[in-house]
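K.L.:
The sequence and its predicted three-dimensional model are supplied below.
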Amino acid sequence: LTAMACAALHAAVTPPGLVACTSDAQFGTSATIFNRNLQVERAPFAVVTPATIGDLAAVLRIARRFQLPMAVRNGGHNPAGWALSPGGITFE
């Protein structure tokens, strides 16, 4: 399931948009938040930076299909860690 969801996300987002799933090398830096005490506990499945509205719509359909929760990160400085979606998709 996770490999299928990750492949679908990578296929949906066009450059210069980015996808970082837990299995991707760049995931560690993409999923970093200000309050690092919550880093592991609130780790998302993927961090996505859509390049277009079409990318965003495609990622929303994928999230719905795989029943992945979503969160929007705007700087990642929320002290409670709400900028990440545990086990889901975080939009950058």
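P.N.:
Sure, I can see it. Residues are numbered from 1 along each chain as shown.
K.L.:
Quick check: which ranges of the protein have low pLDDT?
P.N.:
For the chain, the stretches with pLDDT under 70 are 1, 31-42, 75-83.
K.L.:
Show me the helices in it, by range?
P.N.:
Taking DSSP state H as the test, the helices found in the chain are 2-12, 27-30, 53-65.
K.L.:
Can you name every helix or strand that the first one contacts?
P.N.:
Here helix 2-12 touches strand 18-21, strand 46-49, helix 53-65, going by 3 or more Cβ pairs under 8 Å, 6 or more residues apart in numbering; DSSP states H and E. Every C-beta, even on glycine, is put in place using the N, C-alpha and C of the backbone.
K.L.:
now swap in the shortest one and tell me
P.N.:
For helix 27-30, the contact count by 3+ Cβ pairs under 8 Å, 6+ apart identifies strand 18-21, strand 46-49 as packing neighbours.
K.L.:
Residues contacting it, please?
P.N.:
With contacts defined as Cβ atoms under 8 Å, 6 or more residues apart in numbering, helix 27-30 is touched by 18, 20-21, 46-47, 92.
K.L.:
Repeat that for the last one.
P.N.:
With contact meaning Cβ under 8 Å, 6+ apart, helix 53-65 is reached by 5, 8-9, 12-14, 17, 48, 50, 68-70, 88-89, 91.
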